[in-house]
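Predicted model, plus sequence, below.
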2 protein chains.
Amino acid sequence: MSAATADPHTVVMKFGGTSVADAERILNASKRIVEAAEAGSRVVAVLSARGKTTDELLAMAHEVSERPHPREMDMLLSTGERISCALAAMAINDLGREAISLTGSQAGIVTDASHTKARIIDVRAERIRDALDDGKIVLVAGFQGVSTNTLDVTTLGRGGSDTTAVALAAALGADVCEIYTDVAGVYSADPRIVPDARKLPVVSFEEMLEMAASGAGVLQLRSVEYARNYGIPIHCRSSFDPGPGTFVLDEEQTMERPLVTAVTHSTDEARVTLTGVPDRPGIAGEVLTALAEANVNVDMIIQNEPESEGSMADMSFTVPRADLPGSLDALEAIRESIGIAGIASDSSMAKVSIVGAGMRSHPGVAAKTFSVLGEAGVNIEMIATSPIKISCVIHEEQVADAVRQLHTAFGLGADAVLPEDPSGKHRPTVKTGDGEA
Amino acid sequence: MSAATADPHTVVMKFGGTSVADAERILNASKRIVEAAEAGSRVVAVLSARGKTTDELLAMAHEVSERPHPREMDMLLSTGERISCALAAMAINDLGREAISLTGSQAGIVTDASHTKARIIDVRAERIRDALDDGKIVLVAGFQGVSTNTLDVTTLGRGGSDTTAVALAAALGADVCEIYTDVAGVYSADPRIVPDARKLPVVSFEEMLEMAASGAGVLQLRSVEYARNYGIPIHCRSSFDPGPGTFVLDEEQTMERPLVTAVTHSTDEARVTLTGVPDRPGIAGEVLTALAEANVNVDMIIQNEPESEGSMADMSFTVPRADLPGSLDALEAIRESIGIAGIASDSSMAKVSIVGAGMRSHPGVAAKTFSVLGEAGVNIEMIATSPIKISCVIHEEQVADAVRQLHTAFGLGADAVLPEDPSGKHRPTVKTGDGEA
């Protein structure tokens, strides 16, 4: 990674697919970009492909090929972001500011050669710096790079444009990486389920990682990891509303935190239960290896201790719902050789999670979570915890009620303790609980 | 230009927009490409953007910008060919042959920095050669390159993909550049007007240049010029019919030629007549400069000698029909300062042309052309000639009749003297008039 030198007032602005979906939205994003430049910032904007472009390109690929070659898939998919950037550059030039669009390769996003899921290994931002020095606004095609050895176009996989933005912010020593989407920030719960969910003025990287992993869709896990590793503040805000959104910061910058920050949930869960599993060493490993080879991401795992040595055990785990058929195929293939008595599954599972950095010093949160869910008649099927998160697998039909009960019980709604950040500054020092921001 | 070394059996195949318009056609083109590779050739295929892709991208640009920046227009438009190439590479990989797609830049197409109408100044084909040496089929995005100084994406303008194909054929020392379109070759006249028009087995570069300039749309002028300059045989053939099409070759390779090869026509003509033009030196230059500055391509020009020195002259010229409004604006702007009495125009003009290398040694062709048209009651408004071409500007409603009469009078139809090339070899030695090909 190039050393980050402190260019003054550099901002990286990333606009997602819905924010550049049509001409009107591209013009809107272009105006936001020009406003930031007029305010004196050096501006780099990272754009995603327009709306449904990526889906359309994927459909084309599957029309001509049963198993599209990954290298060619990257060549294909990388065109979407280039289109967005060229269009925005045209619009910005019309607004009276010089702008140039750059492909991931031109922007110096150097990756490994893992097509469709490449990782950034270097950012050679000289061309961007030169353009910024010339007073230009720089538009960078997100989600893509160039492989270091083969000089092929690569793509970064899910959430790639967020990662591009954070990587550029790190390489350019930007003050902040602004992620513009169609939601106003990160909320204490999904506002579609909890009407009085609050927009959070600030969350820590660690909280954001747990929230992203447990269902909050606003930021991709990878980009948050990258931002944490390089200490890049993220400002997650609305493309359509000029007000501040949510800052994602190092924990020491967020000061004292409330006990619980947010309730997240996911309805994309399926559970698989293996019964009568022989209690031999290595069995769990064989099962998980078979699933990994089928590209299944196993989330939670529970194994019941057998009653006596040598008797049969039960094993349950959750997988993304879309991976359930593949999981069952993989398990049937090893069923006989391992000697599994029964394979059962339930595709209507959900997961509700409580996330908060304050939980570290307050072990009572788990007990309160379980008792709130118990009083609400919600049956907890599986539990997983981290120092700042408690996740419960429950039945899907109970998930909305569970989210609402927990949101109320932990006081995350109307009696909000965190004031909105009124300054709109990039890097606020938020003190919680004392009424000042 | 890199020195052309003679790689054995290298063929460049170019597929136009209609030949890759949808999944089925991409699969069809991919099969043609694989067949050539299976037959032992090293294959480079140059693809255009799919069907209406370029029009759609242009429409997007004009939705966000009144005057789209040329650099950004090139970034935008260049995506269309990349999509075609990536899709074809996927299809070919599925057919069991290794294929890679390359952007113009990756393929080493180096141009000047004239965005939207760049000229190729070098072809650095090492990456293509390496891929061919590895046994791969190489797909190259047509119509585009990279500017030598600024490393920006450039496009080559109208007919750019044909030029890409010919330039690669030259750089790779290919045996032939095959141009696949939705017509079977070059015809003795437009078959939609002349039902017994013949597909020509061979035409010379010079004839093809005159034909392209006078309305035959099958090949772009620029690519034919390029092919002539580098001595690259072009095989112009159908994407959908496996038979041979038309070879475009050096004149010495075409041997004896018939008197007349083809009748071409264009209905894209408008005539402007200036009356009462002062007879001062430099007036014609001023008029043509004004038109050139308005980006109008003037085709034929006629200036009547004034009856006596210092009296008034008339001047007529033809322009493409779409350029007529711009021409009239430009002329009105200089009308007073030059002192032009009248400006008249007629947008319903057409041009019929007789092309044939044999005309050089047979001056009677012009006389015969005029008498055929006269007998048919066709009024000739303007005439232009070259050593191998006679063009007559006539009224649009008479053009179909004029083409048919000339086609019959010069014996280009049923009594064909040129046999089809039955061998399908890339570089045939065609002798005409002796029944052998």
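In hand now; what should we look at? Residues are numbered from 1 along each chain as shown, chains lettered A, B, ... in the order given.

Just the pLDDT for whatever residue of the stretch 201-350 of chain A ends up closest to chain B.
Nearest residue of the stretch 201-350 of chain A to chain B (Cβ to the nearest Cβ) works out as A:Ser239 at 15.6 Å. In this view, the C-beta of every residue, glycine as well, is placed from N, C-alpha and C. On the pLDDT scale, A:Ser239 is placed at 92.

and A:Glu178, helix, strand or coil?
strand (DSSP: H, G, I helix; E, B strand; the rest coil).

quick one, what contacts it?
A:11-14, A:234-237 (Cβ atoms under 8 Å, 6 or more residues apart in numbering or on different chains).

rerun that using 7 Å as the cut-off
A:Glu178 makes contacts with A:11-14, A:235, A:237, as judged by Cβ atoms under 7 Å, 6 or more residues apart in numbering or on different chains.

So which of these are in strands?
In this view, those that belong to strands under DSSP state E are A:11-14, A:235, A:237.

just to revisit the earlier point, the residue of the stretch 201-350 of chain A closest to chain B against A:Val183, yeah?
No - here A:Ser239 does not reach A:Val183: they are 9.5 Å apart, not a contact under Cβ atoms under 7 Å.

Can you give the distance of the helix ranked longest in chain A from its chain's centre?
The helix that spans the most residues within chain A, counting by DSSP state H, is helix A:70-94. Distance, stretch centre to chain centre, for helix A:70-94: 22 Å (Cα atoms, centre = their mean, to the nearest Å).

Which is the succeeding secondary structure element to it?
The element immediately downstream of helix A:70-94 (helix or strand, assigned by DSSP states H and E) is strand A:99-102.

can you list the residues of the stretch 151-300 of chain A near chain B?
A:Leu151 (Cβ under 7 Å from any Cβ of the partner chain).

Closest residue of the stretch 151-300 of chain A to chain B?
Closest point on the stretch 151-300 of chain A to chain B, by Cβ to the nearest Cβ, is A:Leu151, at 6.9 Å.

For the stretch 101-250 of chain A, which segments count as helices?
A:126-133, A:160-172, A:205-213, A:221-230 (DSSP state H, counting those that start in this stretch).

Give me the contact status of the shortest one with chain B.
No - for a cut-off given as Cβ under 7 Å from any Cβ, helix A:126-133 has no contacts with chain B; the smallest distance is 8.1 Å.

that older thread, tell me who's in contact with the residue of the stretch 201-350 of chain A closest to chain B.
A:15, A:19, A:28-29, A:180-182.

Closest to A:Ala400 out of those?
The closest of those to A:Ala400 turns out to be A:Asp182 (Cβ to Cβ; 21.8 Å).

That closest one: neighbour count?
If you count neighbours by other Cβ atoms under 10 Å in any protein chain shown, A:Asp182 ends up with 15.

The closest residue to it other than its chain neighbours and A:His235, how far apart?
Counting by Cβ to Cβ, 6 or more residues apart in numbering or on different chains, A:Asp182 lies nearest to A:Thr18, which is 4.5 Å off, once chain neighbours are set aside. Per Cβ to Cβ, to the nearest Å, A:Thr18 is found 18 Å from A:His235.

give the contact list for A:Glu72.
By Cβ under 7 Å, 6+ apart, the neighbours of A:Glu72 are B:86, B:89-90, B:101.

ok, back up a step: B:Leu219: which of the helices of the stretch 101-250 of chain A is closest?
With Cβ to Cβ as the criterion, B:Leu219 lies closest to helix A:126-133 of these, at 37.9 Å.

Tell me which other helices or strands that closest one touches.
Using 3 or more Cβ pairs under 7 Å, 6 or more residues apart in numbering or on different chains; DSSP states H and E, the elements in contact with helix A:126-133 are strand A:99-102, strand A:137-141.

coming back round to it: and the residue of the stretch 151-300 of chain A closest to chain B, how many residues sit next to it?
Using other Cβ under 10 Å, A:Leu151 is surrounded by 14 other residues.

and it, what pLDDT?
Per the predicted model, pLDDT is 92 at A:Leu151.

Equivalent analysis for the one 3 residues further on, please.
Per-residue confidence for A:Thr154 comes out at a pLDDT of 96.

what's the closest residue to it other than its chain neighbours sitting at in phi/psi?
Nearest residue to A:Thr154 in three dimensions, chain neighbours excluded: A:Ala118, at 3.7 Å (Cβ to Cβ, 6+ apart). Dihedral pair for A:Ala118: phi -70, psi 150, per degrees, to the nearest 10.

Give me the buried positions along the lowest-mean-pLDDT helix or strand in chain A.
Least confident helix or strand of chain A, by mean pLDDT, DSSP states H and E, is helix A:251-254 with a mean of 77. Of all the residues in helix A:251-254, those buried under the rule 16 or more other Cβ atoms under 10 Å in any protein chain shown are A:251, A:253-254.

Output the contacting helices and strands for it.
Counting by 3+ Cβ pairs under 7 Å, 6+ apart, helix A:251-254 packs on strand A:202-204.

Tell me the strands beside the strand it packs on, with direction?
Taking DSSP bridges as the criterion, strand A:202-204 forms sheet pairs with strand A:246-249 (parallel).

Quick one: residues in contact with the strand it pairs with.
A:185-186, A:199-205, A:208, A:224, A:227, A:233-236, A:428.

The residues you listed, buried ones only, as a PyMOL selection?
The buried residues among these can be selected in PyMOL (16+ other Cβ under 10 Å) with this line:
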select buried, chain A and resi 185+186+199+200+201+202+203+204+205+208+224+227+233+234+235+236+428
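
where does the longest strand seen in chain A sit relative to the chain's centre, distance-wise?
Ranked by residue count under DSSP E, the longest strand found in chain A is strand A:262-278. Distance of strand A:262-278 from its chain centroid, counting by Cα atoms, centre = their mean, is 21 Å.

List the contacts of the closest residue to A:Glu38 other than its chain neighbours.
Sequence neighbours aside, A:Arg97 is the residue nearest to A:Glu38 in space, at 7.9 Å (criterion: Cβ to Cβ, 6+ apart). The contact partners of A:Arg97, by Cβ under 7 Å, 6+ apart, come to A:34, A:37, A:137.

between the residues you listed, which has the most around it?
Within these, most neighbours by other Cβ under 10 Å means A:Ile137, with 27 neighbours.

so it makes contact with A:Ala36?
No - applying Cβ under 7 Å, one finds A:Ile137 not in contact with A:Ala36, separated by 8.7 Å.

Report the set of residues contacting both of those two.
Common neighbours of A:Ile137 and A:Ala36 (Cβ under 7 Å, 6+ apart) are A:Val43.

Now A:Ala322, what are its backbone angles?
The phi and psi values for A:Ala322, taken as degrees, to the nearest 10, are phi -70, psi -20.

how many other residues sit next to the closest residue to it other than its chain neighbours?
Excluding its sequence neighbours, the residue lying closest to A:Ala322 (Cβ to Cβ, 6+ apart) is A:Asp268, at 7.6 Å. A:Asp268 has 17 neighbouring residues, counting by other Cβ under 10 Å.

swap in A:Ala367?
Applying other Cβ under 10 Å, we find 10 residues neighbouring A:Ala367.

Can you check what pLDDT the model gives it?
pLDDT for A:Ala367: 89.

Good, wrapping up.
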